[in-house]
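Student: mind folding the following:
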Amino acid sequence: MKAVWKNTILAESDETIVVENNHYFPADSLNTIYFVSSDTTSHCSWKGEASYYSIVVEGELNKDAAWYYPEPREAAKEIKNCVAFWRGIEIVE
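Tutor: Numbers count the residues shown, from 1 in each chain. Now for the predicted structure:
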């Protein structure tokens with residue numbers, strides 16, 4: 001699977017984990033030069049506290065377009081060290 005935005009591959013892995021129709025990519029599959037840490041957080045009742053990355057490609061910002069759970073709850077432990085995408089980022093095979 002690939003996460004793509006503006007014809008740029010942000011992540012690529014054969015081992016994504018699908019949770020709630022979102023592909024979570026292992027952290028080591030990210031092309032980190034496009035990722036910028038964000039102060040944004042959110043809460044999921046069963047996964048825990050999410051943190052975000054903004055994506056920057058060719059100078060264009062996609063704010064908070066990727067999220068991850070640094071310390072997921074037990075029910076979501078399989079997505080620790082994984083990142084998912086939204087806000088126009090396409091997930092393709």
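
Student: which parts of the stretch of helix or strand residue 39 belongs to are buried?
Tutor: Per DSSP states H and E, residue 39 falls inside strand 35-44. Within strand 35-44, the residues that count as buried by 16 or more other CB atoms under 10 Å are residue 35. Bear in mind the C-beta positions are built from the backbone N, C-alpha and C, glycine included.

Student: could you list every helix and strand in contact with that strand?
Tutor: Contacts defined by 3 or more CB pairs under 8 Å, 6 or more residues apart in numbering; DSSP states H and E place strand 35-44 against strand 48-57, strand 60-68.

Student: out of the ones you listed, which gets nearest to residue 91?
Tutor: Distance to residue 91, taken as CB to CB, is lowest for strand 60-68 among the helices and strands packed on strand 35-44, at 11.6 Å.

Student: what's the average pLDDT for the closest one?
Tutor: For strand 60-68, mean pLDDT rounds to 98.
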